[in-house]
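>>> Sequence and predicted structure below; questions after.
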Amino acid sequence: MSKYVLVISASPRKGGNSDLLCDQFITGAKEAGNLVEKIFICDKKINYCTGCGTCFGTKTCPQNDDMGEILDKMVDVDAIVMATPVYFYTMNGQMKTLIDRTCARYTEINNKEFYFIVAAADNSKHAMERTFEGFQAFLSCLDGAVEKGRIYGTGAWNIGDIVETDAMTQAYEMGRSI
């Protein structure tokens with residue numbers, strides 16, 4: 001049975017290492033017969049959460065940006081892939097801003113499969129655990145969210161460093177396994 005998969009790439013550079021891993025995942029997922037859509041956060045206008053609290057009563061955010069459209073998709077899909085470069089051992093600001101802005105409708109992001117992709121210059125998988133802890137904290141707020149896989153794209157500093165690593169194959173295979 002095919003699934004509707006949303007891939008959220010937080011790389012600030014198209015074709016960056018985490019973005020390349022997204023593309024490999026997408027290739028595998030499409031070959032397996034799934035419908036896949038990719039959102040490149042840098043192409044979207046996503047303001048910071050202001051903590052105004054309006055969304056607690058109305059389930060809508062008063063800010064006029066692209067986050068409403070993204071939230072609609074996050075609610076509608078079967079699986080969500082969240083990919084980020086790792087800066088100072090955690091997700092980048094673009095991904096954290098997106099997560100913070102789910103506040104208006106996070107209770108509707110139910111029963112989803114989640115896959116996480118990280119890319120970092122550090123060679124240590126252990127050093128990436130803080131980033132995954134941040135993702136797990138987000139999932140702990142979502143009913144029925146299940147983490148289905150992780151890709152550790154380590155040792156990738158310059159654009160393209162990830163290409164010759166096992167992480168590329170792992171991303172493709174994980175996409176095929178959906």
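Received the coordinates, thanks. Numbering: from 1, shown residues only.

>>> going forward, measure contacts and count neighbours with C-alpha atoms only.
Fine.

>>> sec struct for the residue positioned nearest the centre of the chain, please.
By CA atoms, centre = their mean, the chain has its centre lying nearest to Met82, at 1.1 Å. Three-state call for Met82 (DSSP: H, G, I helix; E, B strand; the rest coil): strand.

>>> Lys148 contacts Gln136, doesn't it?
No - with contact defined as CA atoms under 8 Å, Lys148 does not count as touching Gln136 (11.6 Å).

>>> Can you tell me how far the residue nearest to the centre of the chain is from Phe116?
5 Å (CA to CA, to the nearest Å).

>>> Need the residues touching each of those two.
Common neighbours of Met82 and Phe116, using CA atoms under 8 Å, 6 or more residues apart in numbering, do not exist here.

>>> where do the helices sit along the chain?
17-31, 54-58, 67-76, 93-100, 129-139, 166-176 (DSSP state H).

>>> Which elements pack onto the shortest one?
It stands for helix 54-58. Applying 3 or more CA pairs under 8 Å, 6 or more residues apart in numbering; DSSP states H and E, we find helix 54-58 packed against no helix or strand.

>>> Can you name the residues in contact with the least confident helix or strand in the chain by mean pLDDT?
Taking mean pLDDT, DSSP states H and E as the measure, the helix or strand of the chain with the lowest value is helix 54-58, at a mean of 86. Helix 54-58 is contacted by residues Thr60, Cys61, Pro62, Cys103, Ala104 when judged by CA under 8 Å, 6+ apart.

>>> Sort out which one of these lies nearest Cys22 for me.
Using CA to CA, Cys103 comes nearest to Cys22 of the contacts of helix 54-58, at 24.8 Å.

>>> Quickly note the distance from the closest one to Met82.
17 Å.

>>> Same question for Asn158.
Asn158 is 21 Å from Met82, by CA to CA.

>>> repeat for Asn64
Distance of Asn64 to Met82, computed by CA to CA: 23 Å.

>>> same question, Ala137
14 Å.

>>> Also Gly16?
Distance of Gly16 to Met82, computed by CA to CA: 15 Å.
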